[in-house]
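> This is a predicted model, with the sequence first.
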Amino acid sequence: MPWIRTISITDATGRLARSYAAAVARAGRVFGIVRAQSLAPAVLDASMGLYQRIMYAEEGLSRRQREMVATIVSRTNDCHY
């Protein structure tokens, strides 16, 4: 498995600390997929913004359907997220 340098929650400051706090508020913790982007907080914020716009869009699929598609894709890719 590859190793990616990340910034821990306790070492995060500024924008990254705010992004981590938002992740905890949203999911109860900071998942590895979020920490993997910690060296580029602007990219992390853009990525989370895109995710939220897709998952919470009012048009198209329902939120439940989007989550089901995401679950199936993750399972197919052998990804635990």
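Arrived safely, thanks for sending. Residues are numbered from 1 along each chain as shown.
> so which strand or helix has the residue positioned nearest the centre of the chain?
The centroid of the chain falls nearest to V34 when counting by CA atoms, centre = their mean (4.8 Å). Using DSSP states H and E, V34 sits within helix 32-35.
> Now that helix - C-alpha only, CSV.
Once non-C-alpha atoms are left out, helix 32-35 reads as follows in CSV (Å, rounded to 0.1, in the frame of the first residue of the first chain):
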residue,chain,number,x,y,z
GLY,A,32,-8.2,9.0,5.4
ILE,A,33,-9.5,10.3,2.0
VAL,A,34,-9.7,13.8,3.6
ARG,A,35,-6.3,13.5,5.2
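> low-confidence ranges in this structure?
Along the chain, segments meeting pLDDT under 70 span 1-2, 81.
> And for T13, the neighbour number?
9 (other CB atoms under 10 Å). From N, CA and C alone the C-beta is placed, and that goes for glycine too.
> And it, how far from S19?
Separation of T13 from S19 (CB to CB, to the nearest Å): 11 Å.
> if we can go back for a sec, residues in contact with the helix holding V34: which ones?
Helix 32-35 has contacts (CB atoms under 8 Å, 6 or more residues apart in numbering) with 6-8, 19-20, 23, 44, 48, 81.
> Now a PyMOL select for only the buried ones of those.
The following PyMOL line selects those of the contacts of helix 32-35 that are buried, judged by 16 or more other CB atoms under 10 Å:
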select buried, resi 6+7+19+20+23+44+48
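> Heading C-terminal from the helix or strand hosting L50, find the next helix or strand.
Using DSSP H and E, L50 maps to helix 41-55. Downstream of helix 41-55, the first helix or strand assigned by DSSP H and E is helix 63-76.
> what's the offset of that next one from the middle of its chain?
In terms of CA atoms, centre = their mean, to the nearest Å, the centre of helix 63-76 is set 15 Å apart from its chain centre.
> Now E67: closest residue in space that isn't a chain neighbour?
Closest residue in space to E67, ignoring its immediate chain neighbours: M55 at 7.5 Å, by CB to CB, 6 or more residues apart in numbering.
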